[in-house]
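A.B. asks: Task: produce atomic coordinates for the following.
(one chain, ligands or ions: 1)
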Amino acid sequence: MPVVDVHTHMYPPVYMDLLRARDKVPYVKSFPDDPAAGDRLVILPAEDTASTSRGRPIGAEYYDVKEKLAFMDRHHIDVSVISLANPWLDWLPSNEAADTARKVNDDVERMCTEHEGRLLGFGTLPLSAPASQVVEEIERLSKLPHHRGVVMGTSGLGSGLDDPALDPIYAAMEKHEQLIFLHPHYGLPTSVYGDRASDYGHVLPLALGFPLETTIAVARMLLSGVWDRFPKLNVLIAHSGGTLPFLAGRIESCIAHDAHLKKEGKLEKRRDVWDVLKNNIYLDAVIYADVGLKAAIDASGADRLMFGTDHPFFPPLEEGEDEWLSVKLNSQAVRSTFGDDPKTAEAIMGGNAMRILRLSS
Ligand code: 5CU
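C.D. replies: You can find the predicted model right below:
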């Protein structure tokens, strides 16, 4: 059974040019006072402390397809479904977004064609453009042979994924059976990390800000009735659903006890979180330990989980680590959870993705 990585990013050359031309977040540049540090990628709102403000090193692993293939070979990954890394096109002026989305998506489609059988893509949407242009790009993407859905952040058109203005976009995604790969970027307001946030590097925004952002975004989709209006809309949630599998029961209980929702008649005829988790949500297996993986499986089912690496983020800190720790932790979690059930382990490592993303064997 092939190994398929559904959570793996790139900044295609067209996008790198945009980042290099900027000096406001998001950007790529080197700092004259520290030339040894090389090029740095600064993208996150939380990169505003002394220990984070120079982002992370960025090299060819972020934009050169040869590096992606070398990483795949080193980790025995047969197929990668590449997505543009955050912050996608969220920050582009409205009048530039549609044209840039087409260029980025065509760049990814070209790479996939040149490496037939190894690469597929999740496309990028011009979310700062008018909704009609976003729908046009969804329709175009649905005809590109190597694309299998779109990657999206939690801001939607600027005010979150519970925004009714997204309905034509959800309708188009549902109609064309395109999967949304939902990925965090914005985190939580940095004030929640306290006065000593800089002592802790990127740990709090990445370990907690990212998954909580995702969980809040999905809870808002649920509360606003997105899946009641679009019962066939499918979403692959990054990082095993943030904290959604763990908090689903609490979310449901808070809904059932909410007097405001009851008064508004919002408790009748609604799909609950368990139903949505088992019928509309897929989860990646990027959670780094068996405890989280088991929660994800309990919530959505082992047939809805798909292996991922988050490459090229979380590289080894030292030279000479052949197998990346971040990859090893995720594959070990699958192995240790399904030591006595190799068929299910194989399904999570690739079989589920083959079925869900319509890959031919
Ligand atoms: O290290 C990081 O900031 C990130 C990021 O921005 N995006 C991602 O997918 N993983 C890690």
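
A.B. asks: dump the residue contacts of the closest residue to Gly209 other than its chain neighbours.
C.D. replies: Nearest residue to Gly209 in three dimensions, chain neighbours excluded: Gly187, at 3.0 Å (C-beta to C-beta, 6 or more residues apart in numbering). Every residue, glycine included, has its C-beta placed from N, CA and C. Counting by C-beta atoms under 8 Å, 6 or more residues apart in numbering, Gly187 touches 44-46, 205, 209-210, 212-213.

A.B. asks: Regarding Gly187, what is its secondary structure?
C.D. replies: coil (DSSP: H, G, I helix; E, B strand; the rest coil).

A.B. asks: ok, back up a step: quick one: buried ones out of the contacts of Gly187?
C.D. replies: In the contacts of Gly187, burial by neighbour count holds for 44, 46, 205, 209-210, 212-213, counting by 16 or more other C-beta atoms under 10 Å.

A.B. asks: Could you list the contact residues of the stretch 251-361 of the chain toward the ligand?
C.D. replies: Counting by C-beta under 6 Å from any ligand atom, the residues of the stretch 251-361 of the chain close to the ligand are 310, 313.

A.B. asks: Check the stretch 251-361 of the chain for the residue nearest the ligand and tell me.
C.D. replies: Phe313 (3.5 Å; C-beta to the nearest ligand atom).

A.B. asks: ok, back up a step: nearest to Phe246, of the contacts of Gly187?
C.D. replies: Closest to Phe246 out of those is Leu212 (11.3 Å), distances taken as C-beta to C-beta.

A.B. asks: Nearest residue to the closest residue to the ligand within the stretch 51-200 of the chain in space, ignoring adjacent ones along the chain?
C.D. replies: Nearest residue of the stretch 51-200 of the chain to the ligand: Asn86, at 5.0 Å (C-beta to the nearest ligand atom). Leaving aside its sequence neighbours, Asn86 sits nearest to His185 (C-beta to C-beta, 6+ apart; 3.7 Å).

A.B. asks: contacting residues around Tyr170?
C.D. replies: Neighbour list for Tyr170: 226, 229-230, 233 [criterion: C-beta under 8 Å, 6+ apart].

A.B. asks: Now the top helix by length along the chain: buried residues?
C.D. replies: As assigned by DSSP state H, the longest helix anywhere in the chain is helix 94-114. For helix 94-114, burial by neighbour count (16+ other C-beta under 10 Å) applies to 97-98, 100-105, 107-109, 111-112.

A.B. asks: ok, now stretch 125-141?
C.D. replies: 125-129, 133-138, 141.

A.B. asks: Keep the residues you listed, but drop any that are not near the ligand.
C.D. replies: Counting by C-beta under 6 Å from any ligand atom, no member of the buried residues of stretch 125-141 reaches the ligand.

A.B. asks: which two in those residues are spaced the farthest apart?
C.D. replies: Ser128 and Leu141 (17.2 Å).

A.B. asks: on that earlier part again, report the next helix or strand after the longest helix of the chain in sequence order.
C.D. replies: Elements were assigned by DSSP states H and E; along the chain past helix 94-114, the next helix or strand is strand 119-124.

A.B. asks: in the stretch 251-361 of the chain, which ranges drop under the pLDDT threshold?
C.D. replies: The model of the stretch 251-361 of the chain has pLDDT under 70 over residues 361.

A.B. asks: ok, which stretches of it are strands?
C.D. replies: Along the stretch 251-361 of the chain, the segments classed as strands by DSSP state E, counting those that start in this stretch run 281-284, 305-306.
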